[in-house]
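Asks: Fold the following.
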Amino acid sequence: MDLAICHYSYHRSYKAGGWDPARVCAEVSALGVKAVDFHARLLGDAPGVVDQAQKALADYGLVLSGLSLNTNFNYEDDSAQQQMIADTRKWMKVAAELGAPVSRIFGGSLRSRDAEIIKQASAKVLSALRVLAPYAEELGLILAIENHGGLPCSAEEQVEMIEAVGSPYVRATVDVGNYMQCGQEGAVGTKIAAPYAAYVHMKDFKKVPDETKPWGWGIDACIVGQGAVDHKKCLENLQASGFNGYVALEYEGSEDESIGVPASVEYLKSIM
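Replies: From the prediction side, this is the model:
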């Protein structure tokens, strides 16, 4: 397994400081990490931004571990749904041009976790994935659906969705922290989804008492290694399944990114 850093780990600095892809690569390289995950939404559609990303990778000698996409395949309006599929295809092509081995995608947003709502949303997400899977195969790009708190959230939901699509080009982004959004411990979710993993996001959350949750706690993002996720066990479960891809830090804590990212990287290096 190799360490990478997600562009999103610097999302506040990127926006507030007017950063560009070169600045992200400079930060990643300075931390002794050799791979970066660019984020399509942060890159935006500005003219030349893809060329900038390509040049930044070359200038700093970095590998693109993935291109992360923000997708939602649960629109009630069919035209919005079709536009999302078209936009996803556009960024999939960019990912392939940049040489990304994998693109992180989301399934769908949910207004509640009512069983009927989940059933309807799942049908829409699966329909979109079945359209996109052949294009992913054509490009040689793996779409890795993340447990992002909507659908899917649990590892069981990830596995069910991947098996329903039935394509080797639709796999899982295992986000070891996000399982906690539906009350599942990170190491437990990781063990279940690990055989389907094409990509991994490392983050951390502290548990905060919350009686409105069936499991009794909410979550608060923090520096990796300072929360409730058992990252060592997650890595052991991934290794046991044969995963040997990129493990990308996705820092979301409230600490300034100039503090939180290096501290998280240091911890991950110590356990990897």
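
Asks: residues contacting residue 37?
Replies: By Cβ atoms under 8 Å, 6 or more residues apart in numbering, residue 37 lies in contact with 4-8, 64-68, 104, 246, 248. Where C-beta positions appear, they are placed from N, C-alpha and C, glycine not excepted.

Asks: and with 10 Å instead?
Replies: 4-9, 24, 28, 64-68, 100, 102-104, 199, 201, 246, 248-250 (Cβ atoms under 10 Å, 6 or more residues apart in numbering).

Asks: Next step: the residues you listed restricted to strands.
Replies: 4-6, 64-68, 102-104, 199, 201, 246, 248-249 (DSSP state E).

Asks: Identify the farthest-apart pair in the residues you listed.
Replies: Greatest spacing in those, by Cβ to Cβ: 103 and 249 (17.8 Å).

Asks: the strands in the stretch 101-250 of the chain, which residues?
Replies: 102-105, 142-146, 170-175, 197-202, 205-209, 217-221, 246-249 (DSSP state E, counting those that start in this stretch).

Asks: would you list these in a markdown table and tack on mean pLDDT and mean neighbour count?
Replies: Formatted as a markdown table, the strands of the stretch 101-250 of the chain follow (pLDDT from 0 to 100; neighbours: other Cβ atoms under 10 Å):
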| stretch | mean pLDDT | mean neighbour count |
| --- | --- | --- |
| strand 102-105 | 98 | 28 |
| strand 142-146 | 98 | 27 |
| strand 170-175 | 98 | 28 |
| strand 197-202 | 98 | 26 |
| strand 205-209 | 97 | 15 |
| strand 217-221 | 97 | 17 |
| strand 246-249 | 98 | 25 |
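
Asks: out of the ones you listed, which comes closest to residue 181?
Replies: That would be strand 217-221 among the strands of the stretch 101-250 of the chain, by Cβ to Cβ, at 6.7 Å.
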